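> any chance you can model this:
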Amino acid sequence: MRVLVTGGAGFIGSAVIRYLIEHTSDIILNIDKLTYAGNLESLSDIENNTRYSFQQLDICDAETLNKVIMGFKPDIVMHLAAESHVDRSIDGPAAFIQTNIVGTYTLLEVVRQYWLSLQEDTKATFRFHHISTDEVYGDLDGTTDLFTETTAYAPSSPYSASKASSDHLVRAWYRTYGLPILITNCSNNYGPYHFPEKLIPLVILNALEGKTLPVYGNGQQIRDWLYVEDHARALYCVATRGQIGETYNIGGHNEKQNIEVVQTICALLDELKPLPEQKSYSSLIRFVTDRPGHDLRYAIDASKIANELNWTPQETFETGLRKTVEWYLNHLSWCRRVQDGSYQRERLGRQL
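Model prediction:
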C-alpha cells in the first residue's frame, strides 16, 4: 500500500514510519511542517530507504497539499500532524487552533476531493485515520473509572479542546460526506526520540545534568503510559483492519502517578548511571506550582481494540521505561542537538 503520514517527523509519527519500513512492504510519504518538535534525525536510520520519501509541507497549505496527495495517490492517510504540548497551548493557543483545527479541516477537504476522484474499487478501500488523544475526555473523578470510546468529551486545556474539535470535524466528514475515517485516542506515550520538554525525557536529562526535577503540584496526577512502539503497532492495526467510522482507544494498562514515574526514573539512573558517594537522583526532585486546569487522572479502557483487533501492548511500564532510559543514555548527542537547537539550524541550512 501507499501510506501518507502527516507529522511524520514528530515523536509518534517517526515511530509509525520506522515501524512501517521495518515491518511492512508499504511505500511511505512523510509530510511535516518541521516546527520545533519535528526532527528528521529521528528517521536517520531509514531516510535512505527506497520506500520512504519526505516533503516539507504545512497542512494548512491546501494548494500544495492537493498537489502532493494527487501525485502520491495514497491508499491510507495517517494524520498525526498536531501541536501537542499542553504548557505551550496555555502560553500560546493560536498555533494549536491553526494547526489542529484549521489544518485538520484543510486536510479533510483535500483528502475528500482526492477520495471522490478515485475509481470505485480503490475508493472502497481508501482510509483516513485520525490520531488523537485521551485528553479530549477531560479527567476522571473516581479511582476505577475508565475512558471508553463513548465517554463524553470535556477538554480542559486549549490543546485538548483543539484536538476535540478536530475529532468532531473528522466524524462530521464521515457522517455528512461518507469519507471513510477511523479515529484513535491514545494515552501518554513515551520512548526513544521523545522531545526533551516532555516529562520522562526532561527528568532523565535534568537528572544527568544535576538540575532539579520539577514535579507539578503534589505529583499525584495519574496517567496511563503507553510505549511508543506499541502505539505504532496499534495504529497500523487500526488503519488496516479497523471498522470504518469507529473509534478505538489505545492504552498501555500502566496507570502511574507522576511522582511514581519520576521516582522510577531516578531508581533506574541510580542503577545505570550512579552518582558518586551513593547519592540518589531522587534528591533533585522539587515540587512546583501546579499547571492551570491540570487534569487529575486519565485512564483508558482499551478492551475494544483488544477484543476486535487482537491488539495488546507488549511492553509493561517497567520494561518500556528501562528501554527508554537506556536509549537516552546511549543517545545523549541526539538529545544535546535537540536541546541546543542545532538540529533546526542544520535543517535550515539544507533548505537555503
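> element containing residue 5?
strand 2-6 (DSSP states H and E).
> what's the average pLDDT for that strand?
Per-residue pLDDT values over strand 2-6 give a mean of 98.
> cool, and stretch 299-314?
Across stretch 299-314, pLDDT averages out at 96.
> same deal with stretch 204-220?
94.
> from one end of it to the other, what's the distance?
This stretch, stretch 204-220, spans 19 Å end to end (CA to CA, to the nearest Å).
> so what's the gap between it and the chain middle?
Its chain's C-alpha centre and that of stretch 204-220 lie 22 Å apart, by CA atoms, centre = their mean, to the nearest Å.
> can you list contacts of that stretch?
Contacting residues not belonging to stretch 204-220 are listed as 196, 203, 257-259, 262, 265-266, 269, 273, 281, 284-291, 294, 296, 324-325, 328-329, 332, 335, 339 [CB atoms under 8 Å, 6 or more residues apart in numbering]. Bear in mind the C-beta positions are built from the backbone N, C-alpha and C, glycine included.
> which of the residues you listed count as buried?
Buried members of the contacts of stretch 204-220, counted by 16 or more other CB atoms under 10 Å: 196, 203, 257-259, 262, 265-266, 269, 281, 284-285, 324-325, 328, 335, 339.
> need the three-state assignment for residue 99.
helix (DSSP: H, G, I helix; E, B strand; the rest coil).
> what about it, how many neighbours?
23 (other CB atoms under 10 Å).
> quick one: contacts for it?
Applying CB under 8 Å, 6+ apart to residue 99 gives the contacts 33, 59-60, 81-83, 162.
> longest single helix anywhere in this protein?
helix 158-177 (DSSP state H).
> elements contacting that helix?
helix 86-91, helix 94-96, helix 104-116, strand 127-133, strand 181-186 (3 or more CB pairs under 8 Å, 6 or more residues apart in numbering; DSSP states H and E).
> tell me the phi and psi of the closest residue to residue 186 other than its chain neighbours?
Counting by CB to CB, 6 or more residues apart in numbering, residue 186 lies nearest to residue 250, which is 4.4 Å off, once chain neighbours are set aside. Taking degrees, to the nearest 10, you get phi -120, psi 120 for the backbone angles of residue 250.
> repeat for residue 143
The phi/psi pair for residue 143 (degrees, to the nearest 10) is phi -90, psi -10.
> now it. Nearest residue, chain neighbours left out?
Residue 143 sits nearest to residue 297 (CB to CB, 6+ apart), 7.7 Å away.
> tell me, how many residues neighbour the one you found?
Using other CB under 10 Å, residue 297 has 18 other residues around it.
> cool, the one 10 residues further on as well?
Look at residue 307: counted by other CB under 10 Å, it has 9 neighbours.
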